[in-house]
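Novice: One predicted model, sequence on top.
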Amino acid sequence: GDSVTQMEGPVTLSEEAFLTINCTYTATGYPSLFWYVQYPGEGLQLLLKATKADDKGSNKGFEATYRKETTSFHLEKGSVQVSDSAVYFCALSDWSGNQFYFGTGTSLTVIP
Amino acid sequence: NAGVTQTPKFQVLKTGQSMTLQCAQDMNHNSMYWYRQDPGMGLRLIYYSASEGTTDKGEVPNGYNVSRLNKREFSLRLESAAPSQTSVYFCASSDRPNNSPLHFGNGTRLTVT
């Protein structure tokens, strides 16, 4: 079945460091791919999405490119801030659009 | 700009008690979902409703029932709570099949003792 695998955390970075969180997926058909962010005590919020191969999603300095050849959707940011500290989830929606599959989440802490 | 509203925010139950988690969305979305979030396991789908009047099981439906009361509301019921159901529960909605993302509520933290 469909699934998402993302890198284990936790990840600790200094402010202004480069961030990469790896995400790979297994899916039939043509899934849509998403990154969500969860701040403490809150629900998940959409960070960015891509709906077809080679699409690049971007928001708030974060980027991810839908790579069908490597079945990947890695999250990157050039210079992280303390306010980026959160848990990040990679997800896909299946070909029917009815089901979403989530990775286990990667906790990021950015220290000043 | 309410989005998805869940009640209650916190709940403590004793083993064997029952309760209903409420969820409502004001975005006119067709699809609604219930997930549970446990440490190290990400989000797991309990039930979903692709449209008003339909419900389907997800990955972990045992011990739960749902009701899609109308287009806005989707409730989750625990008939006889067990400690294994201690978790954070999230309701979400989506405007399927237009490929839109999930919109989440802020969650209900449930502890079963």
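Specialist: Thanks, I have the structure now. Numbering: from 1, shown residues only, chains lettered A, B, ... in the order given.

Novice: Contact residues of chain A facing chain B?
Specialist: By CB under 8 Å from any CB of the partner chain, the residues of chain A that approach chain B are A:32, A:34, A:36, A:41-46, A:49, A:51, A:89, A:91, A:93, A:96-100, A:102-105. Where C-beta positions appear, they are placed from N, C-alpha and C, glycine not excepted.

Novice: Tell me where chain A has strands.
Specialist: A:3-6, A:11-14, A:19-21, A:23-26, A:32-38, A:44-50, A:56-59, A:62-65, A:75-77, A:86-93, A:100-102, A:106-111 (DSSP state E).

Novice: count of neighbours near whatever residue of chain A ends up closest to chain B?
Specialist: Going by CB to the nearest CB, chain B is nearest to residue A:43 of chain A, at 3.5 Å. By other CB atoms under 10 Å in any protein chain shown, the residues close to residue A:43 number 22.

Novice: Just give the closest residue to it, not the sequence neighbours.
Specialist: residue B:104 (3.5 Å; CB to CB, 6 or more residues apart in numbering or on different chains).

Novice: okay, that neighbour: pLDDT?
Specialist: In this prediction, residue B:104 carries a pLDDT score of 95.

Novice: how about the strands of chain A in CSV, adding distance to residue B:8, mean pLDDT and mean neighbour count?
Specialist: Below are the strands of chain A laid out as CSV (distance: least, CB to CB, whole Å; pLDDT from 0 to 100; neighbours: other CB atoms under 10 Å in any protein chain shown):
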stretch, distance to residue B:8, mean pLDDT, mean neighbour count
strand A:3-6, 30, 93, 18
strand A:11-14, 33, 97, 14
strand A:19-21, 33, 97, 17
strand A:23-26, 33, 96, 19
strand A:32-38, 20, 95, 24
strand A:44-50, 19, 95, 20
strand A:56-59, 31, 97, 14
strand A:62-65, 33, 98, 20
strand A:75-77, 33, 98, 20
strand A:86-93, 23, 94, 24
strand A:100-102, 24, 91, 24
strand A:106-111, 26, 96, 17
